[in-house]
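Colleague: Requesting a structural model of the entry that follows:
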Amino acid sequence: MAAVGISINLSELRSMGYKPFIVGLIAAITVGFISLIYIETLIKFI
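Modeller: The predicted model follows:
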């Protein structure tokens, strides 16, 4: 992961815009929310 981070050029990030970051944020929030639901469900069965 560090090698990928080091090889990223800031000008390339600026040219991509903000939409990929918004999509990544939504995906991360969705995965986190689903994980919390599964954890709560598993706690009830233990």
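Colleague: quick one: buried residues of the helix or strand harbouring Ile22?
Modeller: If you go by DSSP states H and E, Ile22 is part of helix 19-45. For helix 19-45, burial by neighbour count (16 or more other Cβ atoms under 10 Å) applies to no residue. All C-beta spots, glycine's among them, are computed from the backbone N, C-alpha and C.
Colleague: from the chain's centre, how far out does it sit?
Modeller: Chain-centre distance of helix 19-45: 9 Å, with Cα atoms, centre = their mean, to the nearest Å.
Colleague: From here on, call the first residue 309.
Modeller: Happy to do that; since the first residue is 309 now, the last one works out to helix 327-353.
Colleague: name the helices or strands packed onto that helix?
Modeller: Applying 3 or more Cβ pairs under 8 Å, 6 or more residues apart in numbering; DSSP states H and E, we find helix 327-353 packed against no helix or strand.
Colleague: what mean pLDDT does it have?
Modeller: The predicted model assigns helix 327-353 a mean pLDDT of 93.
Colleague: just stretch 311-322 next, same as before
Modeller: Throughout stretch 311-322, pLDDT has a mean value of 79.
Colleague: And it, how far out from the chain middle?
Modeller: Counting by Cα atoms, centre = their mean, stretch 311-322 is centred 17 Å from the centre of its parent chain.
Colleague: For this structure, which residue occupies the most central location?
Modeller: Ala336 (3.3 Å; Cα atoms, centre = their mean).
Colleague: what about stretch 311-326, start to end distance?
Modeller: From its first residue to its last, stretch 311-326 covers 23 Å (Cα to Cα, to the nearest Å).
Colleague: Same question for stretch 313-330.
Modeller: 19 Å.
Colleague: Now do that stretch: distance to the chain's middle.
Modeller: Chain-centre distance of stretch 313-330: 15 Å, with Cα atoms, centre = their mean.
Colleague: what's the spacing between Phe341 and Ile334?
Modeller: Per Cβ to Cβ, to the nearest Å, Phe341 is found 11 Å from Ile334.
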